[in-house]
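J.: With the input below, show me the fold.
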Amino acid sequence: MQAWGTVIVTLAILMVVTVDAKIYERCELAARLERAGLNGYKGYSVGDWLCMAHYESGFDTAFVDHNPDGSSEYGIFQLNSAWWCDNGITPTKNLCHMDCHDLLNRHILDDIMCAKQIVSSQNGLSAWTSWRRHCSGHDLSEWLKGCAMQVKIDPKNYP
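T.: Below you'll find the predicted structure:
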């Protein structure tokens, strides 16, 4: 009987998360990231952030991925439960001092604040494998095509 209770609670949580989730349109997310101060933050353009978020989550705030080590990655930037947030399951450093499930809704300011903390580290956006593979050193102007904004680029990030 206790197993059924767990299933019902889990389904209820998933339904709440799903209702408040959002898959952003590219230009809508670009504007949101710019308003949050990510255009030029630590030398990265909004194009860098869009490229990384696309390859991490497809701009889906409710995306969760499970890793072979037992940790999970949450939200639009796929923040890892072993390091950045607490999912109540994985042993964690919880360096962003937040519940992982808070990363799964349309309100991405908390995701952005945690991502800023990660990017402020020595690795910058290289902390995300997808950014290293698909975005670093590439022309990212296509990510902003048709979006009404100015791009700030730091030449040190582009060989």
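
J.: what pLDDT does the nearest residue to residue 127 once chain neighbours are set aside get?
T.: Nearest residue to residue 127, sequence neighbours excluded (C-beta to C-beta, 6 or more residues apart in numbering): residue 118, at 5.2 Å. The way it works is simple: take the backbone N, C-alpha and C, and place the C-beta from them, glycine included. Per-residue pLDDT puts residue 118 at 97.

J.: how many other residues sit next to residue 118?
T.: For residue 118, the neighbour count with other C-beta atoms under 10 Å is 19.

J.: same check, this time on the one 5 residues further on
T.: The burial metric for residue 123, expressed as a neighbour count using other C-beta under 10 Å, is 11.

J.: and if you look at residue 147?
T.: Neighbour number of residue 147 under other C-beta under 10 Å is 18.

J.: check which helix or strand covers residue 111.
T.: Assigned by DSSP states H and E, residue 111 belongs to helix 109-119.

J.: elements contacting that helix?
T.: The contact analysis (3 or more C-beta pairs under 8 Å, 6 or more residues apart in numbering; DSSP states H and E) places helix 109-119 against strand 79-80.

J.: follow-up on the earlier one: so which bits of the helix holding residue 111 are buried?
T.: Neighbour counts using 16 or more other C-beta atoms under 10 Å place 110-112, 114-115, 118-119 of helix 109-119 among the buried residues.

J.: just checking, next helix/strand downstream of that helix?
T.: helix 129-134.

J.: which parts of that next one are buried?
T.: Buried-residue list, helix 129-134, by 16+ other C-beta under 10 Å: 130-131.

J.: Packing partners of that helix?
T.: Against helix 129-134 (3+ C-beta pairs under 8 Å, 6+ apart) you get helix 46-57.

J.: Can you dump the C-alpha atoms of the helix it packs on in CSV for me?
T.: What follows is helix 46-57 as a C-alpha-only set of coordinates in CSV (Å, rounded to 0.1, in the frame of the first residue of the first chain):
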residue,chain,number,x,y,z
VAL,A,46,23.7,35.4,-25.4
GLY,A,47,24.5,33.2,-28.5
ASP,A,48,26.8,31.1,-26.3
TRP,A,49,24.1,30.6,-23.7
LEU,A,50,21.4,29.8,-26.4
CYS,A,51,23.7,27.3,-28.1
MET,A,52,24.5,25.6,-24.8
ALA,A,53,20.9,25.5,-23.6
HIS,A,54,19.7,24.1,-27.0
TYR,A,55,22.1,21.2,-26.8
GLU,A,56,21.5,20.6,-23.1
SER,A,57,17.7,20.7,-23.0
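
J.: Understood, closing this out.
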